[in-house]
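S.K.: Show me how the following folds:
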Amino acid sequence: MSGACQTRHDMLERIIGSYEQYYDINRETPVEPFVAEAVFRSHGEEYFLIKSAKINEMDSSEVAFFADVEGLDTAAYETMTDKAWGETLDRADVKPNHRNSDGILIIIADSIDKDTKKKIKKTRRYKSYRFTFWGWSELRVIAYEHSTGKVVSNRQGDILKKLFTIKG
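M.R.: Next up is the predicted model:
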(Lines give C-alpha, C1' and ligand atoms only; values in the text may rest on other atoms or scores of the structure.)
Protein backbone atom coordinates (compact mmCIF):
# COMPACT_ATOMS: atom_id res chain seq x y z
CA MET A 1 0.00 0.00 0.00
CA SER A 2 1.35 3.41 -0.85
CA GLY A 3 1.70 6.06 1.85
CA ALA A 4 -1.72 7.51 0.91
CA CYS A 5 -3.35 6.32 4.14
CA GLN A 6 -1.99 8.11 7.18
CA THR A 7 -3.87 6.32 9.95
CA ARG A 8 -5.32 2.93 10.69
CA HIS A 9 -8.79 4.51 10.62
CA ASP A 10 -8.17 5.99 7.14
CA MET A 11 -7.13 2.55 5.90
CA LEU A 12 -10.28 0.98 7.33
CA GLU A 13 -12.50 3.65 5.74
CA ARG A 14 -10.83 3.10 2.38
CA ILE A 15 -11.37 -0.68 2.57
CA ILE A 16 -15.03 -0.32 3.64
CA GLY A 17 -15.51 2.24 0.84
CA SER A 18 -14.35 -0.31 -1.71
CA TYR A 19 -17.31 -2.51 -0.68
CA GLU A 20 -20.00 0.21 -0.85
CA GLN A 21 -20.93 -0.18 -4.52
CA TYR A 22 -22.13 -3.80 -4.32
CA TYR A 23 -22.60 -4.52 -0.61
CA ASP A 24 -25.04 -3.26 2.01
CA ILE A 25 -22.85 -1.67 4.70
CA ASN A 26 -23.87 -1.76 8.36
CA ARG A 27 -21.89 0.61 10.58
CA GLU A 28 -24.61 1.28 13.17
CA THR A 29 -25.26 -2.23 14.54
CA PRO A 30 -22.48 -4.60 13.47
CA VAL A 31 -21.96 -7.79 15.42
CA GLU A 32 -19.48 -7.36 18.28
CA PRO A 33 -16.42 -7.08 18.19
CA PHE A 34 -16.55 -5.67 14.66
CA VAL A 35 -16.79 -2.00 13.68
CA ALA A 36 -18.73 -2.64 10.46
CA GLU A 37 -20.09 -5.40 8.27
CA ALA A 38 -21.00 -5.66 4.61
CA VAL A 39 -23.54 -8.05 3.08
CA PHE A 40 -23.88 -9.12 -0.55
CA ARG A 41 -26.61 -11.37 -1.97
CA SER A 42 -27.02 -12.60 -5.53
CA HIS A 43 -29.68 -14.68 -7.27
CA GLY A 44 -29.10 -16.04 -10.76
CA GLU A 45 -31.21 -18.09 -13.15
CA GLU A 46 -30.45 -19.88 -16.40
CA TYR A 47 -33.04 -20.65 -19.09
CA PHE A 48 -33.21 -22.72 -22.22
CA LEU A 49 -34.64 -20.46 -24.95
CA ILE A 50 -37.70 -19.36 -22.92
CA LYS A 51 -38.26 -18.39 -19.29
CA SER A 52 -40.58 -21.30 -18.60
CA ALA A 53 -37.73 -23.70 -19.42
CA LYS A 54 -35.57 -22.91 -16.40
CA ILE A 55 -32.40 -24.97 -16.30
CA ASN A 56 -30.84 -23.72 -13.13
CA GLU A 57 -31.07 -21.14 -10.40
CA MET A 58 -28.58 -20.29 -7.68
CA ASP A 59 -28.23 -18.10 -4.63
CA SER A 60 -24.91 -16.77 -3.44
CA SER A 61 -24.10 -14.57 -0.47
CA GLU A 62 -21.11 -13.07 1.24
CA VAL A 63 -20.73 -11.22 4.53
CA ALA A 64 -17.62 -9.23 5.39
CA PHE A 65 -16.66 -8.31 8.94
CA PHE A 66 -14.28 -5.41 9.60
CA ALA A 67 -12.15 -5.16 12.74
CA ASP A 68 -9.95 -2.28 13.89
CA VAL A 69 -7.56 -3.05 16.75
CA GLU A 70 -4.33 -1.68 18.18
CA GLY A 71 -2.56 -4.96 18.77
CA LEU A 72 -3.71 -8.33 17.47
CA ASP A 73 -2.83 -11.33 19.61
CA THR A 74 -3.87 -14.96 19.22
CA ALA A 75 -6.74 -14.80 21.73
CA ALA A 76 -8.33 -11.75 20.07
CA TYR A 77 -7.83 -13.30 16.63
CA GLU A 78 -9.49 -16.56 17.65
CA THR A 79 -12.44 -14.66 19.13
CA MET A 80 -12.90 -12.68 15.91
CA THR A 81 -12.51 -15.75 13.71
CA ASP A 82 -15.00 -17.80 15.74
CA LYS A 83 -17.52 -14.95 15.72
CA ALA A 84 -17.17 -14.28 11.97
CA TRP A 85 -17.46 -17.99 11.13
CA GLY A 86 -20.45 -18.50 13.44
CA GLU A 87 -22.26 -15.51 11.92
CA THR A 88 -21.47 -16.73 8.40
CA LEU A 89 -23.01 -20.13 9.11
CA ASP A 90 -26.02 -18.62 10.92
CA ARG A 91 -26.80 -16.39 7.94
CA ALA A 92 -26.45 -19.13 5.31
CA ASP A 93 -29.82 -19.87 3.69
CA VAL A 94 -29.13 -23.48 2.73
CA LYS A 95 -31.60 -25.00 0.26
CA PRO A 96 -31.42 -26.82 -3.08
CA ASN A 97 -30.50 -23.69 -5.09
CA HIS A 98 -27.88 -22.48 -2.58
CA ARG A 99 -24.44 -22.13 -4.17
CA ASN A 100 -22.29 -20.53 -1.47
CA SER A 101 -22.41 -18.40 1.66
CA ASP A 102 -18.94 -17.11 2.39
CA GLY A 103 -17.51 -15.04 5.20
CA ILE A 104 -14.71 -12.50 5.04
CA LEU A 105 -12.76 -11.24 8.04
CA ILE A 106 -10.72 -8.09 7.46
CA ILE A 107 -8.56 -6.92 10.35
CA ILE A 108 -6.62 -3.66 10.47
CA ALA A 109 -4.12 -3.60 13.36
CA ASP A 110 -1.18 -1.45 14.40
CA SER A 111 0.74 -4.62 15.24
CA ILE A 112 0.24 -8.37 14.90
CA ASP A 113 2.30 -10.78 16.97
CA LYS A 114 4.35 -13.48 15.25
CA ASP A 115 2.28 -16.43 16.51
CA THR A 116 -0.93 -14.80 15.32
CA LYS A 117 0.52 -14.30 11.84
CA LYS A 118 1.26 -18.03 11.69
CA LYS A 119 -2.24 -18.83 12.92
CA ILE A 120 -3.83 -16.57 10.27
CA LYS A 121 -1.92 -18.34 7.50
CA LYS A 122 -3.11 -21.74 8.75
CA THR A 123 -6.77 -20.78 9.25
CA ARG A 124 -9.15 -23.00 7.29
CA ARG A 125 -12.89 -22.87 7.83
CA TYR A 126 -14.99 -24.72 5.28
CA LYS A 127 -18.35 -26.46 5.37
CA SER A 128 -20.18 -28.26 2.59
CA TYR A 129 -23.91 -28.84 2.61
CA ARG A 130 -25.11 -32.25 1.45
CA PHE A 131 -21.75 -33.08 -0.11
CA THR A 132 -21.75 -29.66 -1.90
CA PHE A 133 -24.99 -30.48 -3.74
CA TRP A 134 -26.52 -27.67 -1.66
CA GLY A 135 -23.40 -25.52 -1.75
CA TRP A 136 -20.69 -24.58 0.72
CA SER A 137 -19.33 -21.93 3.05
CA GLU A 138 -15.76 -20.82 3.60
CA LEU A 139 -13.98 -18.09 5.53
CA ARG A 140 -11.44 -15.76 3.96
CA VAL A 141 -9.17 -13.94 6.40
CA ILE A 142 -6.82 -11.04 5.80
CA ALA A 143 -5.02 -8.81 8.28
CA TYR A 144 -3.07 -5.61 7.65
CA GLU A 145 -0.30 -4.57 10.03
CA HIS A 146 -0.31 -0.78 9.83
CA SER A 147 3.08 -0.26 11.51
CA THR A 148 4.92 -2.31 8.87
CA GLY A 149 2.53 -2.20 5.90
CA LYS A 150 2.55 -6.01 5.76
CA VAL A 151 -0.47 -8.10 4.81
CA VAL A 152 -1.06 -11.63 6.06
CA SER A 153 -3.91 -13.89 4.95
CA ASN A 154 -5.09 -17.45 4.87
CA ARG A 155 -5.00 -19.29 1.53
CA GLN A 156 -8.61 -18.41 0.71
CA GLY A 157 -7.96 -14.76 1.63
CA ASP A 158 -5.08 -14.29 -0.83
CA ILE A 159 -7.54 -12.88 -3.35
CA LEU A 160 -8.26 -10.01 -0.94
CA LYS A 161 -4.69 -8.67 -1.04
CA LYS A 162 -5.69 -6.39 -3.91
CA LEU A 163 -7.78 -4.39 -1.39
CA PHE A 164 -4.57 -3.03 0.05
CA THR A 165 -3.30 -1.74 -3.30
CA ILE A 166 -6.23 0.63 -3.92
CA LYS A 167 -5.04 3.90 -5.35
CA GLY A 168 -6.31 6.91 -3.42
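S.K.: Would you mark the buried spots in the helix or strand of the chain with the lowest mean pLDDT?
M.R.: Least confident element among the helices and strands of the chain, by mean pLDDT, DSSP states H and E: strand 36-48 (a mean of 82). Across strand 36-48, burial judged by 16 or more other C-beta atoms under 10 Å covers A36, E37, A38. C-betas here are computed from N, CA, C, even on glycine.
S.K.: Check which helices and strands that strand sits against.
M.R.: Taking 3 or more C-beta pairs under 8 Å, 6 or more residues apart in numbering; DSSP states H and E as the contact definition, the neighbouring helices and strands of strand 36-48 are helix 8-19, strand 24-26, strand 50-72.
S.K.: got these as a markdown table, with mean pLDDT, mean neighbour count and distance to K150 columns?
M.R.: Written out in a markdown table, the entries for the helices and strands packed on strand 36-48 read as follows (pLDDT from 0 to 100; neighbours: other C-beta atoms under 10 Å; distance: least, C-beta to C-beta, whole Å):
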| stretch | mean pLDDT | mean neighbour count | distance to K150 |
| --- | --- | --- | --- |
| helix 8-19 | 92 | 17 | 13 |
| strand 24-26 | 96 | 14 | 26 |
| strand 50-72 | 84 | 16 | 12 |
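S.K.: What's opposite the residue nearest to the spatial centre of the chain in the beta bridge?
M.R.: Closest to where the C-alpha atoms of the chain average out (C-alpha atoms, centre = their mean) is I104, at 1.2 Å. Beta-bridge partners recorded for I104 (DSSP bridges): A64, R140.
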